[in-house]
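Asker: The amino acid sequence is not available; the structure is as follows:
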Ligand code: X8Z
Ligand code: ZN
């Protein structure tokens with residue numbers, strides 16, 4: 001007969017109680033005795049079980065809030081988040097007893113590490129402060145979701161939301177109209193500033209209570225290397241890509257100067273509102289202004305999709321069709337029944353696209369996306385992006401919940417994008433979106449690469465600076481009195497863009513970007529831009545692709561699919577370099593595949609910029 005150690009009984013009891021009771025119970029645990037590896041394993045099993053329930057509960061409440069914003073759903077979601085935060089904080093503190101225990105198996109050691117790093121929003125010891133923190137968190141996301149630009153004297157129904165203002169940013173070529181939409185959207189965030197400031201204080205207190213220096217140290221600790229080494233690695237790959245970004249910036253600036261005479265300085269930063277995107281993060285919408293060879297075969301995917309009368313769900317079907325073509329499973333019926341694909345007209349929702357797992361369980365299998373889909377090229381790419389998240393969920397949801405994450409968060413963001421790199425004109429012709437593939441010639445190639453680079457290359461500095469700003473805010477290096485000043489310093493330094501007039505501290509421009517109020521770490525998107533090309537290359541190699549990387553599509557290739565599936569199944573069970581190695585054979589973040597992909601454009605840009613003085 002085996003006997004259960006007292007400690008385990010206490011733990012089991014503690015974990016089924018609310019967090020403060022759990023603390024009490026844990027405090028009563030026998031002291032002095034060194035816990036065994038078997039106890040650690042049992043502890044992890046119990047935490048996984050409990051976390052799974054709490055994650056699912058919090059996700060469900062959050063789903064309802066995000067798809068139906070009211071004061072009530074805001075509160076319900078805050079309460080569920082609070083419960084989860086309290087449990088996480090307590091479990092992390094309890095887990096400290098296993099520090100230094102000898103003989104842990106690899107899975108238990110990994111799970112304990114992941115547990116320690118799991119909270120995006122760490123709960124302070126003081127329960128009142130945790131309540132306050134979860135309420136602010138919930139409120140900030142709704143404020144963003146409900147954000148509207150109202151001109152003086154306008155009736156509420158005339159005010160414009162982000163979708164309407166985005167329409168202006170993407171299509172208008174009228175300088176003043178663009179500026180008005182840009183400035184208008186940035187009016188939603190000043191009321192967030194005092195709340196954000198408090199949010200930083202409270203979550204930092206929580207991080208410190210868990211043994212981290214601040215929230216940023218916790219976030220940066222998630223990359224299986226020292227936080228400083230991780231930051232240095234990001235800077236290293238940025239260094240590899242910066243010259244290409246500067247060439248693209250230089251060329252775009254010349255074209256924009258011609259499109260907006262007298263408005264763009266030939267050697268300075270580009271006005272922030274002219275790049276076809278509210279945050280100037282991706283520039284493909286200004287493609288018509290910068291098209292290298294006008295009049296060559298049209299690569300207009302939006303026109304083709306609309307011409308073929310594709311519906312919003314039709315776009316999702318196209319995305320799913322790609323994943324199934326490489327041998328991955330079909331999505332459950334409930335995905336189509338429960339997802340939100342269209343912007344409701346009768347209520348407020350958070351339209352920013354996202355992918356959800358509401359069950360964390362293979363059997364219950366409840367995955368959904370939330371997206372206000374429009375039938376255009378941007379949305380087609382975003383659908384592939386979201387489905388990348390969904391397929392990760394689908395292949396790791398039989399694992400313990402602490403392993404139900406990407407190898408790191410950059411991997412999670414990279415899967416769908418890596419697939420979307422195969423969504424090229426040839427593929428679009430195969431599935432009947434294009435009637436005829438554009439001719440395979442140099443001019444079409446440069447046009448296509450320009451369009452790709454406007455999204456992929458243009459994004460890099462934005463992807464990098466978002467968290468550079470946030471890390472310094474959390475560490476206290478950037479004080480509230482200079483939130484906006486620092487934001488624009490970084491925007492100018494990295495992106496080479498600037499606002500038309502100084503934006504003082506009465507503005508809170510970072511708050512006008514979803515991931516700041518929603519507290520979603522952003523370094524992941526920078527990593528994903530790099531990783532997706534590494535993955536694309538590896539999948540193309542697996543598919544036996546010959547020739548330059550930019551000509552590859554893995555559509556229909558089961559060998560590539562099998563390779564991808566292996567990565568998805570690993571989840572976070574191994575350190576990310578192991579996962580990367582399993583797919584690509586290398587353990588390092590590497591910009592080379594991305595540089596190889598853009599080699600044709602890179603040479604072409606250098607020619608174009610010969611007479612220009614680049615930089616800002
Ligand atoms: O937020 C997203 C996705 C959801 S994870 C739509 N992205 C970043 C953004 O929109 O800023 C994808 C690209 C970068
Ligand atoms: Zn994503």
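Answerer: Sure thing, it's come through. Quick caveat: nothing in here was measured; it's all calculated off a predicted structure. Ligands and ions are numbered 1, 2, ... in the order given.

Asker: Confirm residue 444 sits in a strand?
Answerer: No: counting by DSSP: H, G, I helix; E, B strand; the rest coil, residue 444 is located in no strand; its state is helix.

Asker: Nearest to ligand 1: which residue in the stretch 301-450 of the chain?
Answerer: Going by CB to the nearest ligand atom, ligand 1 is nearest to residue 353 of the stretch 301-450 of the chain, at 4.0 Å. Glycine gets a C-beta too; all of them are placed from N, C-alpha and C.

Asker: just the stretch 451-600 of the chain next, same as before
Answerer: The stretch 451-600 of the chain approaches ligand 1 most closely through residue 525 (4.3 Å), counting by CB to the nearest ligand atom.

Asker: Nearest residue to that residue in space, please, no chain neighbours.
Answerer: Ranked by CB to CB, 6 or more residues apart in numbering and with sequence neighbours excluded, the top spatial neighbour of residue 525 is residue 463, at 4.6 Å.

Asker: right, and that neighbour touches residue 529 too?
Answerer: Yes: between residue 463 and residue 529 a contact is recorded at 6.0 Å, counting by CB atoms under 8 Å.

Asker: who touches residue 191 in this structure?
Answerer: Residues near residue 191 by CB atoms under 8 Å, 6 or more residues apart in numbering: residue 143.

Asker: And it, how far from residue 42?
Answerer: Going from residue 191 to residue 42 by CB to CB, to the nearest Å gives 48 Å.

Asker: what residue lies at the spatial centre of this structure?
Answerer: Closest residue to the average C-alpha location of the chain: residue 525 at 5.1 Å, with CA atoms, centre = their mean.

Asker: a helix runs through it, doesn't it?
Answerer: Yes: assignment of residue 525 by three-state DSSP places it within a helix.

Asker: Is residue 349 part of a helix or strand, or is it coil?
Answerer: coil.

Asker: Could you name the specific helix or strand carrying residue 595?
Answerer: Following DSSP states H and E, one finds residue 595 within helix 592-597.

Asker: Pull the number of nearby residues for residue 455.
Answerer: 21 (other CB atoms under 10 Å).

Asker: For it, give me the pLDDT.
Answerer: Per-residue confidence for residue 455 comes out at a pLDDT of 97.

Asker: Please name the residues that touch residue 469.
Answerer: Shown in contact with residue 469 (CB under 8 Å, 6+ apart): 478, 486-487, 490, 510.

Asker: Okay, and which of the residues you listed map to helices?
Answerer: 486-487, 490 (DSSP state H).

Asker: For the residues you listed, pick the one with the most neighbours.
Answerer: Highest count within the ones in helices among the contacts of residue 469 by other CB under 10 Å belongs to residue 487, 24 neighbours.

Asker: Could you pull out the strands in the chain for me?
Answerer: Secondary structure of the chain (DSSP state E): strands at 148-149, 160-161, 270-271, 354-357, 367-370, 497-498.

Asker: of all these, which gets the most neighbours per residue?
Answerer: Mean neighbours per residue, mean count of other CB atoms under 10 Å, is largest over the strands of the chain for strand 367-370, with a mean of 24.

Asker: Summarise which helices and strands that strand is packed against.
Answerer: With contacts taken as 3 or more CB pairs under 8 Å, 6 or more residues apart in numbering; DSSP states H and E, strand 367-370 sits against helix 37-67, helix 333-338, strand 354-357, helix 377-396.

Asker: Is ligand 1 within reach of the longest one?
Answerer: No: Helix 37-67 stays out of contact with ligand 1 when judged by CB under 6 Å from any ligand atom, the minimum separation being 12.4 Å.

Asker: Just the buried positions in that helix, please.
Answerer: Neighbour-count burial for helix 37-67 flags 39-44, 46-48, 50-52, 54-67 (criterion: 16 or more other CB atoms under 10 Å).

Asker: OK, contacts around residue 211?
Answerer: So residue 211 contacts residue 96 (CB under 8 Å, 6+ apart).

Asker: Could you do residue 573 as well?
Answerer: Per CB under 8 Å, 6+ apart, neighbours of residue 573: 107, 110, 399, 403.

Asker: can you list those residues in TSV and add distance to residue 131 and neighbour count?
Answerer: Below are those laid out as TSV (distance: CB to CB, whole Å; neighbours: other CB atoms under 10 Å):
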residue	distance to residue 131	neighbour count
107	34	16
110	32	19
399	32	19
403	30	18
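
Asker: and of the helices and strands packed on strand 367-370, who's closest to residue 139?
Answerer: Of all these, helix 37-67 sits nearest to residue 139, with 10.5 Å by CB to CB.

Asker: Pass me the low-pLDDT residue ranges in this structure, would you?
Answerer: Low-confidence segments of the chain (pLDDT under 70): 1-32.

Asker: so how far is stretch 239-256 from its chain's centroid?
Answerer: Per CA atoms, centre = their mean, to the nearest Å, the displacement of stretch 239-256 from the mean C-alpha position of its chain is 24 Å.
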